[in-house]
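could you work out the structure for the sequence below:
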Amino acid sequence: MGLPPAIVTLDVEGVLLPEVWIAIADRTGIDELRRTTRDEPDYDVLMRGRLTLLEHHGLTMSALADVIAGLRPLDGAVEFLDALRARTQVVLLSDTFSQFARPLMEQLHWPTIFCHDLDVVDDRIVGYRLRLPDQKRHAVEAFRTLGFRVVAAGDSYNDVSMLLAADAGFLFRCPVNVGAEFPALPAFETYDELSRAIDVAIAGG
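As a prediction, this is how the structure comes out:
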């Protein structure tokens, strides 16, 4: 009997796209918004802090959308993702929000993405709704229940549970602190390296 079909799950920010909140911090000069899931493992703590900062500085959804509209995929990301999607099924699993993701997904040629939603009232971001807590891990476990072999890649603390739940999990351009805490996860720095590792994992290597 052959191997089960494979599906690849990828984080988005830091893997295919620049970090949105860092871009917002750079545009607004609010250094506290540079804190990401690379720094803070507790996503709720991170988001509550971000919402407090947005309210304090009067930043609207429109202002954030203007920053996001100027972002572009990381060098080589579109080619990497297009080639990967030609070989296997790919799903992006992200802790970003649908309001942020849509203009960016167009640049990536409309891959499937599972993410969260913001609550926006009168152009103010007043809250957020998770698809479900630890959605990346749950998605991987669901794909495995459906009979897929899952190969996953990500860069941050919030990706680790997904990587560990997959049949094969890889870190990509992760910060030193994340790589040091999870040395058992193979780490890569280029799309060529990651692509080769994914192909080997898909083939059952």
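
got any ranges where this protein has weak pLDDT?
Judged by pLDDT under 70, the chain has its weakly predicted residues at 1.

residue boundaries of the strands in it?
Taking DSSP state E to define them, one finds strands in the chain at 6-10, 89-97, 112-121, 124-129, 149-154, 168-172, 187-188.

buried deepest among those, which one?
strand 149-154 (a mean of 26; mean count of other Cβ atoms under 10 Å). Bear in mind the C-beta positions are built from the backbone N, C-alpha and C, glycine included.

what is that strand packed up against?
If you count contacts as 3 or more Cβ pairs under 8 Å, 6 or more residues apart in numbering; DSSP states H and E, strand 149-154 packs onto strand 6-10, helix 135-145, helix 160-165, strand 168-172, helix 191-202.

in CSV, list those along with distance to R34.
Below are these laid out as CSV (distance: least, Cβ to Cβ, whole Å):
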stretch, distance to R34
strand 6-10, 23
helix 135-145, 22
helix 160-165, 21
strand 168-172, 20
helix 191-202, 25
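
most tightly surrounded among these?
Most buried among the helices and strands packed on strand 149-154, counting by mean count of other Cβ under 10 Å: strand 6-10, with a mean of 25.

quick one: that strand to helix 135-145, angle?
Orientation of strand 6-10 against helix 135-145 (axes from the mean of the first three to the mean of the last three Cα atoms, to 10 degrees) gives an angle of 180 degrees.

could you dump strand 6-10 to CSV, C-alpha only?
In CSV, the C-alpha atoms belonging to strand 6-10 read as follows (Å, rounded to 0.1, in the frame of the first residue of the first chain):
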residue,chain,number,x,y,z
ALA,A,6,0.2,14.7,1.7
ILE,A,7,-0.8,18.2,2.6
VAL,A,8,1.5,21.0,3.5
THR,A,9,0.5,23.6,6.1
LEU,A,10,2.5,26.9,6.3
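
what's the angle from it to strand 89-97?
Using the same axes, to 10 degrees: strand 6-10 against strand 89-97 is 20 degrees.

tell me which residues are up against strand 6-10.
Under the contact criterion Cβ atoms under 8 Å, 6 or more residues apart in numbering, strand 6-10 has outside partners 16, 81, 84, 88-93, 136, 139-140, 143, 148-154, 162, 166, 198, 201-202.

what's the answer for stretch 173-186, then?
So stretch 173-186 is contacted by 14-15, 38, 155-157, 160, 163-164, 169-171, 187-189, 197 (Cβ under 8 Å, 6+ apart).

ok, 7 Å please
Residues from elsewhere that reach stretch 173-186, judged by Cβ atoms under 7 Å, 6 or more residues apart in numbering: 14, 38, 155-157, 160, 163, 169-171, 187, 189, 197.

re earlier: okay if I get the strands of the chain as JSON lines plus distance to D66?
JSON lines is the format used below for the strands of the chain (distance: least, Cβ to Cβ, whole Å):
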{"stretch": "strand 6-10", "distance to D66": "26"}
{"stretch": "strand 89-97", "distance to D66": "16"}
{"stretch": "strand 112-121", "distance to D66": "15"}
{"stretch": "strand 124-129", "distance to D66": "14"}
{"stretch": "strand 149-154", "distance to D66": "28"}
{"stretch": "strand 168-172", "distance to D66": "29"}
{"stretch": "strand 187-188", "distance to D66": "33"}
